[in-house]
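In: sharing a sequence plus its predicted fold:
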Amino acid sequence: MNPRALVHIRGVEHTRVRIALMDNLPLTTMAGAAASSLEGGGRVVDTYKKALTTAASVAAYAMLVRSMARELLPEELRAAVRWGAAFVRARLGAGDKERHTIVIRRHLDAGYNENHLFEAARAYLATKIDPTAMRRLCLARTRYKEPDGSSSWSTLLCMDDGGSTTDTFDGVEFKWTSIETGGDEGKKGKGHRAPPRETLELSFDAEHTEAALERYVPFIMSTAEQLQRRDRALKIFMNEGRSWHGINHHHPATFDTLAMDPVLKQAVTDDLDRFLKRKEYYRRIGKAWKRGYLLFGPPGTGKSSLVAAMANYLRFNLYDLDLSEVRLNSALQRLLIAMPNKSILVIEDIDCCFDAKSREDRTMPVPADDGSSSDDDVPEDMAHHPGPRQQQTITLSGLLNLIDGLWSTSGEERIIIFTTNYKDRLDPALLRPGRMDMHIYMGHCCWEAFKTLAVNYHLVDDHALFPEIQELLAAVEVKVTPAEVSEMLLRSEDADVALRVLTEFLQDKRSKARKEATEIKIGVAEKAM
Ligand SMILES: Nc1ncnc2c1ncn2[C@@H]1O[C@H](COP(=O)(O)OP(=O)(O)OP(=O)(O)O)[C@@H](O)[C@H]1O
């Protein structure tokens, strides 16, 4: 066939021509080669045959080895070999990619100013290091400075010079290496040894630079902060004059030990969790990142215990504000400004802070002048006020406005808790929607709350007396606080004895309540006659 004759025929044939031409080409080439040298062509064929034979034998050997391995090697060993091969492939492949490295030095300059990112990275890596997989490790004791100037210590496992570890974040692999350089004699004078320069190197594929800087590094900072909060001793601060004085706070209450309705307990912890996550949300809606809780209920139902449980849960310090100690709005302002982020302001028995008379005009009674204030206390923006007498009052709305106003501009992530035994006595300004975000009723001891206390005090979650106790707690006449139940359970270390004491106490309460009710009925009937 003359190929040229077909080139100009319609589309389909045109395609066929191209295929035909392409098929034709090697044949022509081979034919040409054969014609030019028959001898040379024979050698090519021989080599070709040999190569084919060798390839066939290699393939046969490979299949043989593979089937023998399958028969003889255990699955674990074969998996390890597969993993090793994948690892080598990944390493070889990674070598093709451009890598970037972030160097985090321990000291920012020759003045040995600490680089906080170094400390944060070291604290973070301490949670990632597998001590069983590393031959050499360092143990370090680090001191954290608290916002109030005090310090707390923590012990960390760190990588030694040259040590490395990998961490996967958002599906990206980050490699950390610890490097020490220098530490030469004589740098800081005769006989002194300059400390080595410590650095942590973070390397990753160049394509993940944005993920490293925008997400991974901030994540490390926030995780390190959480770890620091977890390890530090909590404090409770009380106001004295115009400043706060703190002591360690070791209240053992946690949400696990708190006796309250489980649904309500869950709602509170969910609310706290949501609050912590909502930094961006508060910023977007233009509100101060704070949350207010009003705890109310009879004495001994666990309001203070709930405050302590919240502090332990969030790892926030408590600032217990005694309003009777504060003379002026400006002093209150200073106290509020001095509170750091991530802290809880508590004002207990808020109903008592504003007495009956002052509730009418909504002002705090003024304590005797102790000389702790001065004219400096009068803020400039209040200079137009008629006189110092007006200054010397703290109003509830003033307090609330200060909290709202100041906390919008000075700091974030703060909780405010008011407690009261008498919600009905509270100023409506406090109960208005939007003031306190969550109202939590701490009530009398219910069956679920009792079960928590039984586990707390005697590690019992079932007992022969439980059905009777459940029935007694459900009786409308029996109003018992968790504090009373706790006291009964503490009467003996023997669970049987303690539960018997509690049962008798509840029976006694019920009969007294029934007797009182009967007496009232008789009294009413006698009056009616
Ligand atoms: N809900 C509870 N869960 C666990 N323990 C509780 C609870 N309520 C009270 N208790 C026990 O009773 C003690 C007193 O309780 P707490 O001070 O928390 O009550 P309160 O409601 O704050 O009382 P008040 O109104 O008198 O300040 C606590 O130390 C604790 O041992």
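Out: Perfect, thanks for sending it.

In: checking my notes, Gln228 in a strand, right?
Out: No - going by DSSP: H, G, I helix; E, B strand; the rest coil, the assignment for Gln228 is helix, not a strand.

In: could you count how many residues lie near it?
Out: 18 (other CB atoms under 10 Å). Backbone N, C-alpha and C define where each C-beta goes, glycine included.

In: now do Asn401
Out: Neighbours around Asn401, by other CB under 10 Å: 13.

In: secondary structure element holding it?
Out: Taking DSSP states H and E as the definition, one finds Asn401 inside helix 396-409.

In: tell me the buried residues in that helix?
Out: Buried residues in helix 396-409, defined by neighbour count with 16 or more other CB atoms under 10 Å: Leu396, Gly398, Leu399, Leu400, Leu402, Ile403, Asp404, Leu406, Trp407.

In: and if you look at stretch 203-210?
Out: Using 16+ other CB under 10 Å as the test for burial, stretch 203-210 gives Ser203, Phe204, Asp205, His208.

In: do a quick rundown of the strands in this protein.
Out: 99-105, 137-145, 151-159, 164-169, 172-182, 196-205, 235-240, 243-248, 290-296, 317-320, 343-347, 414-420, 438-441 (DSSP state E).

In: quick one on the thing from earlier: mind putting the buried residues of helix 396-409 in CSV, pLDDT included?
Out: Listed next are the buried residues of helix 396-409 as CSV, based on pLDDT from 0 to 100:
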residue, pLDDT
Leu396, 82
Gly398, 79
Leu399, 85
Leu400, 84
Leu402, 82
Ile403, 83
Asp404, 79
Leu406, 74
Trp407, 74
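
In: isn't Ser410 right up against Arg334?
Out: No - using CB atoms under 8 Å, Ser410 is not in contact with Arg334; the gap is 11.1 Å.

In: quick one: which of those two has more around it?
Out: Between Ser410 and Arg334, counting by other CB under 10 Å, Arg334 is the more crowded of the two (19 against 15).

In: could I get the contacting residues of the closest residue to the ligand within the stretch 251-400 of the chain?
Out: For the stretch 251-400 of the chain, the residue closest to the ligand is Gly302, as judged by CB to the nearest ligand atom, at 2.5 Å. Shown in contact with Gly302 (CB atoms under 8 Å, 6 or more residues apart in numbering): Leu258, Ala259, Met260, Met442, Pro482, Ala483.

In: just those residues: which are in helices?
Out: Those of these mapping onto helices are Pro482, Ala483, per DSSP state H.

In: the helix holding Asn401 to strand 414-420, inter-axis angle?
Out: Counting by axes from the mean of the first three to the mean of the last three CA atoms, to 10 degrees, helix 396-409 lies at 160 degrees to strand 414-420.

In: tilt between helix 396-409 and strand 343-347?
Out: On the basis of the same axes, to 10 degrees, helix 396-409 is oriented at 180 degrees to strand 343-347.

In: give me the contacts around helix 396-409.
Out: By CB under 8 Å, 6+ apart, helix 396-409 touches 287-288, 290, 323, 329, 332-333, 336-337, 345, 353-354, 362, 414, 416, 427, 429-430, 435.

In: just the buried members of these?
Out: So, by 16+ other CB under 10 Å, the buried ones in these are 288, 290, 323, 329, 332-333, 336, 345, 353-354, 362, 414, 416, 427, 430, 435.

In: tell me if I'm right that Thr142 and Ala126 touch.
Out: No - Thr142 is not in contact with Ala126 according to CB under 8 Å; the separation is 9.5 Å.

In: higher neighbour count, the two?
Out: Each of Thr142 and Ala126 has its neighbours counted (other CB under 10 Å); Ala126 has more, 20 against 16.

In: distance of the more buried one from the ligand?
Out: Distance of Ala126 to the ligand, computed by CB to the nearest ligand atom, to the nearest Å: 34 Å.

In: my guess is that residue meets Ser154, correct?
Out: No - Ala126 is not in contact with Ser154 according to CB under 8 Å; the separation is 9.0 Å.

In: one step back: give the residues shared as contacts by Thr142 and Ala126.
Out: In contact with both Thr142 and Ala126: Leu156, using CB under 8 Å, 6+ apart.

In: burial count for Leu318?
Out: 23.

In: quick one: contacts for it?
Out: Residues near Leu318 by CB under 8 Å, 6+ apart: Leu234, Lys235, Ile236, Phe237, His249, Val307, Ala308, Ala311, Ser343, Ile344, Val346.

In: can you rerun that using 6 Å?
Out: Leu318 makes contact with Ile236, Ala311, Ile344, Val346, according to CB atoms under 6 Å, 6 or more residues apart in numbering.

In: got the residues of the stretch 201-350 of the chain near the ligand?
Out: Taking CB under 6 Å from any ligand atom as the contact definition, the stretch 201-350 of the chain meets the ligand at Leu258, Ala259, Met260, Pro299, Gly300, Thr301, Gly302, Lys303, Ser304, Ser305.
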